[in-house]
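**Q** kindly return the folded structure for what I paste below:
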Amino acid sequence: MNLFKYFREEIVAALGRLDLPEGLDTSKVTAEPPREEAHGDVATNAAMVLSKGAGMKPRDLAEKLAAELRGHAAVAAVEIAGPGFINLRLVESFWAERLAEILTEGAAYGNSSMGGNAPVNVEYVSANPTGPMHIGHARGAVVGDVLASLLAKAGYAVSREYYINDAGSQVDVLARSAHLRYREALGETIEIPEGLYPGEYLKPTGAKLAEIHGDKFKDAPEAEWLPQFRLFCVDAMMDMIREDLAALGVKHDVFTSERGLVEGGKVDAALSYLEGLGQVYEGVLEPPKGKVLDDWEPRPQTLFRATAFGDDVDRPLKKSDGSWTYFASDIAYHLDKYRRGFPAMIDIWGADHGGYVKRMQAAVKAVSEGGGDLDVKLCQMVNLMKGGQPYKMSKRAGTFVTLRDLVDQVGKDVVRFIMLTRKNDAHLDFDLDKVLEQSRDNPVFYVQYAHARCHSVLRHGRDALVGADLSGSALATGPLARLTDPAELAVIKVLAGWPRMVESAAEAHEPHRVAFYLNDVAAAFHGLWNKGKDDTQLRFLIEGDAELSLARMALVRAVADVIASGLAVFGVEPVEEMR
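**A** Numbering: from 1, shown residues only. A predicted model of the protein is given here:
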């Protein structure tokens, strides 16, 4: 249960029982956690947002609503704050019911039907198939993968997609680079000129090409080998990318080829469709701001009316040689996604594509005739640090730290968690020293340690409470009303916020919120543990009081279940013992 959604519905129902004008718009009524815990458990702005329509002062409406809410079985007290905000304090039995709900549902706790099984396409990574992925790709991969899992938990039908950019000039450069490695495999000493890919990762590809073709293409004209080298290399690079993603725990449902769209005539068809909608014209753009006019030459171009859909300028669809721009291919790709049944699309891009967002959103509005929506999440740079200094550890790629090297050094779970410890559009320092130390400063350790501590307590509980059933379903029917200490209730309240967190983070497309929440759960549990060290009456196992001990075992298991539920969204395995 999302308790805040539940109380919003109860507040709206209570308003309906008051003598108020008909047809009041309650869409802006909220029920949320108060800004300060001391103010209660649920706060609502109902009197503030409805007073004008009700023809009453906010405070007067608040008094009437408060009187109605005081009769609710789950409400212990109602207080009016300031000009008309209402704070509710809930009875202890309500929190016992939430604890039983967690124990009954286990790791499925927080699953929501909010999405109504609506289809959502999440496209992420989509790195050019020209080499191994780097640490920046790792961030986009994790953000996209976890957002997809979060949306699925919130009740959406999610498709995870990778767009293979295999139709541009970069794959020609890849083929030429591989041809050099092919000649090297045949015994030739080579030099890699500027503009080709220098990384050693192409050596195995060159060796394989030599094994397949012998010296057939060693001195052959480029036109004879380029097409088949290009296809072979893209396949080889995509195999490498899939292996790297698998090492990170990332798996896509769909791989779409740009070359397939182009060769299948879908780019031509999409632009013809756009033209039929009256959104393509021949025109001359104004000179770019800040451009030296001597370096700019006005010329007629085929343009998309992007400004009609919120963009700053209209956008070219053809290059000077008459071929389609990258933007034209991207329009076709997003139209293809829309026609495959995905009006809701989310793209995860690198921050260097920020200037491309408005035009792509404009294009989606145009080709879907307003029926589609594109949300773009930009991922900022990741700085790998060690000893307080920037750190490079990859020679295979030549110039950057590869995703695979990072995963091999610290493990996929650490990489996945750390990539979500900051919002996607904020720079992230990935400190190799911090992620390997066992301290509160390491968020992965801090959360995992809480989960492991829970299972350690449960193991001791099995030894102390001989014959007791400590499964979630059994504990859910136990003496949960014995949990009355404010420190215990505070932990339950944090746990009961998980369904709201799932829905709000999914709605905002912000998976990093889950990392912050898990840290709060861990902090609440570690805090309770430390209180038990100072106050023997707050220990989890109380000698001579099996009933209270069982109730506390229930609380401990619920903490473990909620952490496991959150880590499952992250694709991180919860540990039961720390090594």
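
**Q** residue contacts, residue 5?
**A** With contacts defined as Cβ atoms under 8 Å, 6 or more residues apart in numbering, residue 5 is in contact with 31, 500, 503. To be clear about C-beta, it is placed using only N, CA and C from the backbone, and glycine gets the same treatment.

**Q** any low-confidence regions in the stretch 301-450 of the chain?
**A** 393-399 (pLDDT under 70).

**Q** that one: helices as residue ranges?
**A** Taking DSSP state H, counting those that start in this stretch to define them, one finds helices in the stretch 301-450 of the chain at 326-339, 357-367, 403-410, 412-418, 432-436, 443-464.

**Q** what's the average pLDDT for the following helix or strand past the last one?
**A** Put plainly, it is helix 443-464. Later in the chain than helix 443-464, the nearest helix or strand by DSSP states H and E is helix 472-475. Mean pLDDT, helix 472-475: 97.

**Q** tell me which of the helices of the stretch 301-450 of the chain lies nearest to residue 15.
**A** Closest to residue 15 of these, according to Cβ to Cβ: helix 357-367, at 36.8 Å.

**Q** who's in contact with the closest one?
**A** 270, 273-274, 277, 279, 304-312, 315, 327, 330-331, 334-335, 338, 345, 347, 349, 372-374, 376, 378.

**Q** gap between it and the chain center?
**A** With Cα atoms, centre = their mean, to the nearest Å as the basis, helix 357-367 stands 22 Å off its chain's centre.

**Q** so what's the nearest residue to residue 91 once chain neighbours are set aside up against?
**A** The shortest distance from residue 91 to any residue other than its chain neighbours is 4.6 Å, reached at residue 76 (Cβ to Cβ, 6 or more residues apart in numbering). Shown in contact with residue 76 (Cβ under 8 Å, 6+ apart): 89-92.

**Q** apply 7 Å and report the result again.
**A** 89-91 (Cβ atoms under 7 Å, 6 or more residues apart in numbering).

**Q** could you do residue 314 as well?
**A** 283, 285, 303-307.

**Q** quick revisit: so which of the contacts of residue 5 sit within strands?
**A** residue 31 (DSSP state E).

**Q** narrow the contacts of helix 357-367 to those that are buried.
**A** 270, 273-274, 279, 304-306, 309, 311, 315, 327, 330-331, 334-335, 338, 345, 347, 349, 372-374, 376, 378 (16 or more other Cβ atoms under 10 Å).

**Q** from residue 496, how far off is residue 101?
**A** Between residue 101 and residue 496 the distance is 8 Å, computed by Cβ to Cβ, to the nearest Å.

**Q** which one's more surrounded, these two?
**A** Ranked by neighbour count (other Cβ atoms under 10 Å), residue 101 and residue 496 place residue 496 first, with 25 against 17.

**Q** thought that one was touching residue 96?
**A** No - using Cβ atoms under 7 Å, residue 496 makes no contact with residue 96, being 10.7 Å away.

**Q** sorry, back to before: buried subset of the contacts of residue 76 as a ChimeraX selection?
**A** Listed next is the ChimeraX selection for buried residues among the contacts of residue 76, using 16+ other Cβ under 10 Å:
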select :90
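
**Q** which residue is nearest the middle of this protein?
**A** Residue closest to the average C-alpha location in the chain (Cα atoms, centre = their mean): residue 147, at 2.8 Å.

**Q** so, low pLDDT: which residues of this protein?
**A** 290-296, 393-399.

**Q** and the residue lying farthest from the centre of the chain, helix, strand or coil?
**A** In terms of distance from the mean C-alpha position of the chain, residue 219 ranks first, at 48.8 Å (Cα atoms, centre = their mean). Assigned by DSSP: H, G, I helix; E, B strand; the rest coil, the conformation of residue 219 is coil.

**Q** do residue 136 as well
**A** Under three-state DSSP, residue 136 falls in the helix class.

**Q** buried sites along stretch 475-493?
**A** 475-476, 478, 480, 482-483, 488-489, 491-493.
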